[in-house]
Each structure stands twice: as C-alpha cells, then as structure tokens.
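[1] Next input, structure requested:
(chains A and B)
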Amino acid sequence: MIQCPRGTRDFLPDEMERRRFYEGKLRETARTFGFREVETPIFEDSELFILRSGPNVLKELYEFKDKGDRSIALRPEMTAPVIRMFVNNMSNEPKPIKVFYFGQCFRYERPQSGRYREFFQFGAEIIGSATPQTDAEAIATASAMLKSLGLKDYRLRIGHIGVLRQRIADIGVPKERTAEVLQKLDKKLYDEARPILADMGVSDADMEALFELTETVGGTEVLDRVPGEAGDWLRQVVSYLDAMGVRDLEIDLGVVRGLDYYTGMVFEAEAPALGAEKQICGGGSYTLSELFGGEKVFSTGFAVGFDRALLALEKEGSSYDFDGIDAYVLCVSDDVRVKAAEIAASLRTAGVSADIDFMDRKMAKALKFASSARARYAVIVGARELEEGCVTLRNMATGEQTQVEIDALAGAIVRARAH
RNA sequence: GCCGGGAUAGGGUAGCUUGGUUAUCCUAGGGGACUGUGGAUCCCUUGACUCGGGUUCAAAUCUCGGUCCCGGCCCCA
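    Reported below is the predicted structural model:
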C-alpha cells in the first residue's frame, strides 16, 4: 500500500468541510479590512527564497532541477512570492497595496505535532506604507482573524526589532554577529549569551542593560521604559490598536523573529494549548522588494499558521457543525425511479442541494443513508402520492411528514431552510 | 540532524511479558429478516497483524533494518 509522503496529509470530506469553513472566516475578515486576495505559483526559482532568507534555508527547501535544468523550489512561505509579484506587476498601483493569500507551503523538516512538510498559511501584506498606523492595521487584522475563528486562548505579543538591533550595535557587537546574539536573546538564554558577548568585548554593564531591555515585557505601560524613536513608534501603534478595540496584547521587546529582514515592529501570537509548536501567527514590518530588483518599499505583513490555528481550536474543544444536504430523494418502489431522478434534477436546478439513491435500496436503508448523509429532508417518491402529483416530504430531524406537490417542492425546502 | 515511545480490518481495540488450532471485541461498510418509513433487534457478509530480513518445527508475539506516526531537542522564513 502506498501512503502519503512523510509530513503530508489527506483531507477527508468532513475535515475538508471544516477547513473550508474556517478558511472562509479568514477570507471574510481579510476582506472586511480591505485586503484583496492574490495567488502566486506553488513553485518559484529557488533563488527567490535564497535571496530572501539566505543559503541556510536550502537544507529545508524542497528544491530540484526541472527538465529545463532550472533550479526550482516549492515555496516555503509566501511573503517573498507576493513581494516578487508586487515588484513585477504591481509596483505602480496606488499605495498602500493590501493583499492576502492562502495556500500550502513546503518545508523539509522533521514532522511533529503542528508541523507538517506540507502546511497551509493564511497571510496578508500591506505594501508601500510605513507608519505606526500601518503596523496597527496589520496587527488588528491578525487579531480579528484569530477572533473570527473563535479562538479564545492566545497571546499576542508585540515588539520592535529596531530597539534591540540598535542597542546591540551600540554596545559594539559586529554586524555579522548580530543574528547570533539575537538568537540567544529570543530564547532568553542569557547565560549562553554572556560568554559570547564578553568575547566581543561587551562590558558587563552593557550586557545587563541589554538583557533588561529584552526583559521589557508586560502590558502597554512598559512602553514608558522603551527609549527613543522606537518607543514613540510603538506607543503610537498601541494607541491606534486601542482605538480599534485591540487591547488584549502584551509588549515584549524580546520578540525577535527568525530572520533579519524585519526592520521595525514585530509581533507573534501563540496558543498555549499547543505543545512545542505553539506559534500560530507571526509578522512585522520589513523591506524585501529591493532584493528582487525593485526599489526599496516598506511593507508590513503577517501569516497565520492555518493548521496550527485549527489544532488549537480543536484543543479548545470548539466544535464545528457539519452542513448536510437539503434533500435526499428515495423511492418506495422501483417503478418510480425515473420519476425520482426527474424530481431530484428539478430540485438541483432550483438551487436545492439534492442527492438520490441509485443503489436500488429499499426505503428503510435509503432513509438510513439519508440520515448518515445529514440530509435535512427526505423526499419520498411513491406511486400513491404521484397519482396526485405529490411526494412525501419528511423532516429528518423531527420525523414530521407532509404531502407536497412536486411543483411546490423546491420552494417548500428553500422556505424551510430560511428558518 | 539528535533522544524517546509507538504501528493489529475504514475508525477504536484484545492478544505480545511467557512464540503454538480458525487473531478478540466494539464500530463501520455491503446484503437480508420486518415486503410504503431512518438512527432498534437479529442473521449473513466484507475487512487487519506497517514492510523486508533473521532466529525457530512454528513469529502479531523474539531480533535487526527500512517506512510512517506521536512526544521532545535543534530549527522554525
């Protein structure tokens, strides 16, 4: 037997319906905020991702040569493709450009809970604007998205990469070693950071001041301790967010995010219900366009880890009600099967979702099937009613039955659906 | 890449320590009984030891390796 490749999944109808439902919520929310959907290729020139994230991503990239000897990679994320699209096709559009996307991404990693090799991201980018309000808009959108899913328990943390970068540069860390230091700070591994910093000739006092900055964590009041322009910036972001009703956030200057194209505000959301892979959303402001041959344009974006968000919902016990079909058409006897097919077709034409028994089942079995198909109504076609131009309409939930004229059948079902 | 735990019908499981008839039970799927009414009962039926090698008269069971899943580390664009 052939199973699906490591780290990939099949989505059965129930699961797929649930996913589409939540996907729809996210789309709806993005549109509410004025974003429009885009789609980019599922594979790109490998160079696009290497330019963006450095050659070290290669080891986790699904990369291959195509038959034309081009170096191709399955997309590991969608920000770079979207910015490439912007540089190629949208750079003259009125700013800001607000787009969102939903699609699968691929990373060659070891799968574990909440981590797959094929996974889905829902993201949004605001391109061509660099104001505190831009950042607030992105965060507000992300927050609204998580809420629209019905997610209750999550933490939204906002930081500013500029503050840390500036401080790290000021105390004498060479530029090429910044990432190394940031990585330790991200994990709050101060004991491991100390020898590294000492090695670079950083004084103990500077070190402790740096750690203290990283530890600037808490409610919005801790912003009073954030110095300089970045502090002003974040205070404005927060006040816009407050005005928009987004108040369930924390300030955490230790939010670092992976790579170094982030320039200012950065934020993350995590769901504590998940295990090691609990981050469900991440983003910030950045510039990428200049790497892809465009002019330097500031953007703010984020992506929601769709699979993880759904996993978190599950852990919270949130349930999804499946949507069955409107009607299941079944026959009392074999001589009315053709007529039943005609009735089913007329229902479909009228926009009523209808399924029909074509396994020549007896009534009892057909009703059982209708029940398992979550049909709201069974349309029972029998010779007796047909003589009067009628069928029996059975409400599957209540068992209540009425005789309905065939011409009025679709209307009756549609009206009932409205209630 | 590293450490640990797993894998028995479509789903959930017993059996494994101590190898030994036809691999257990629930559920699901197909058919039937009740012959124009579902989620009830009964009957029939479909369907599994992750794959490959080894030990053995004999392997679901012991052993080695692969694959996949799960928890954690690393990483996480």
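[2] Flag every residue of the stretch 301-419 of chain A that's near RNA strand B.
    Taking C-beta under 7 Å from any atom of the strand as the criterion, the neighbours of RNA strand B within the stretch 301-419 of chain A are A:332-333, A:359, A:361-365, A:367-372, A:380, A:382-385, A:392, A:394, A:396-399, A:401. All C-beta atoms are positioned from the backbone trio N, CA, C, and that covers glycine.
[3] try it again with 6 Å
    Neighbours of RNA strand B within the stretch 301-419 of chain A, by C-beta under 6 Å from any atom of the strand: A:332, A:359, A:361-365, A:367-368, A:371-372, A:380, A:382-385, A:392, A:394, A:396, A:399, A:401.
[4] Which ones among those residues map onto strands?
    Restricting these to those inside strands, with DSSP state E as the criterion, leaves A:380, A:392, A:394, A:401.
[5] filter those residues to the buried ones?
    Among these, those classed as buried by neighbour count (16 or more other C-beta atoms under 10 Å) are A:380, A:392, A:394.
[6] In a markdown table: these, plus pLDDT.
    Rendered in a markdown table, the data for those read as follows (pLDDT from 0 to 100):
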| residue | pLDDT |
| --- | --- |
| A:380 | 95 |
| A:392 | 95 |
| A:394 | 94 |
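[7] Tell me the one among those nearest to residue A:290.
    Taking C-beta to C-beta as the measure, residue A:394 is the one of those closest to residue A:290, at 65.7 Å.
[8] number of nearby residues for the residue of the stretch 101-250 of chain A found nearest RNA strand B?
    Closest contact between the stretch 101-250 of chain A and RNA strand B, by C-beta to the nearest atom of the strand, is at residue A:113 (2.3 Å). A count of nearby residues for residue A:113, using other C-beta atoms under 10 Å, gives 12.
[9] who does the residue nearest the centre of chain A bridge with?
    Note on chain A: the residue nearest the mean C-alpha position is residue A:122, at 3.1 Å, using C-alpha atoms, centre = their mean. Partner residues in beta bridges with residue A:122, using DSSP bridges, are residue A:102, residue A:304.
[10] So it sits against residue A:145, correct?
    Yes: applying C-beta atoms under 8 Å as the test, residue A:122 and residue A:145 come out as touching, 7.3 Å apart.
[11] what's the overlap in contacts for those two?
    Contact with both residue A:122 and residue A:145 is made by residues A:26, A:30, A:304, according to C-beta atoms under 8 Å, 6 or more residues apart in numbering.
[12] before we move on, the earlier item: can you put the ones in strands among the residues of the stretch 301-419 of chain A next to RNA strand B in CSV and add distance to residue A:210?
    Below are these laid out as CSV (distance: C-beta to C-beta, whole Å):
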residue, distance to residue A:210
A:380, 76
A:392, 77
A:394, 72
A:401, 76
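[13] For residue A:71, which non-adjacent residue is spatially closest?
    Nearest residue to residue A:71 in three dimensions, chain neighbours excluded: residue A:46, at 4.3 Å (C-beta to C-beta, 6 or more residues apart in numbering).
[14] Next up, the contacts around the one you found.
    A:58, A:61, A:63, A:71-73.
[15] could I get those residues as JSON lines with neighbour count?
    JSON lines is the format used below for the contacts of residue A:46 (neighbours: other C-beta atoms under 10 Å):
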{"residue": "A:58", "neighbour count": "14"}
{"residue": "A:61", "neighbour count": "20"}
{"residue": "A:63", "neighbour count": "18"}
{"residue": "A:71", "neighbour count": "12"}
{"residue": "A:72", "neighbour count": "15"}
{"residue": "A:73", "neighbour count": "20"}
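[16] what's the most distant pair in the residues you listed?
    Looking at the contacts of residue A:46 by C-beta to C-beta, the two members farthest from one another are A:58 and A:72, with 12.9 Å of separation.
[17] anything in the top helix by length along chain A near RNA strand B?
    Counting residues, the longest helix found in chain A (DSSP state H) is helix A:13-32. No: Helix A:13-32 is not in contact with RNA strand B by C-beta under 6 Å from any atom of the strand; minimum separation 11.5 Å.
[18] Could you list the buried residues of that helix?
    Across helix A:13-32, burial judged by 16+ other C-beta under 10 Å covers A:18-19, A:22-23, A:25-27, A:29-30.
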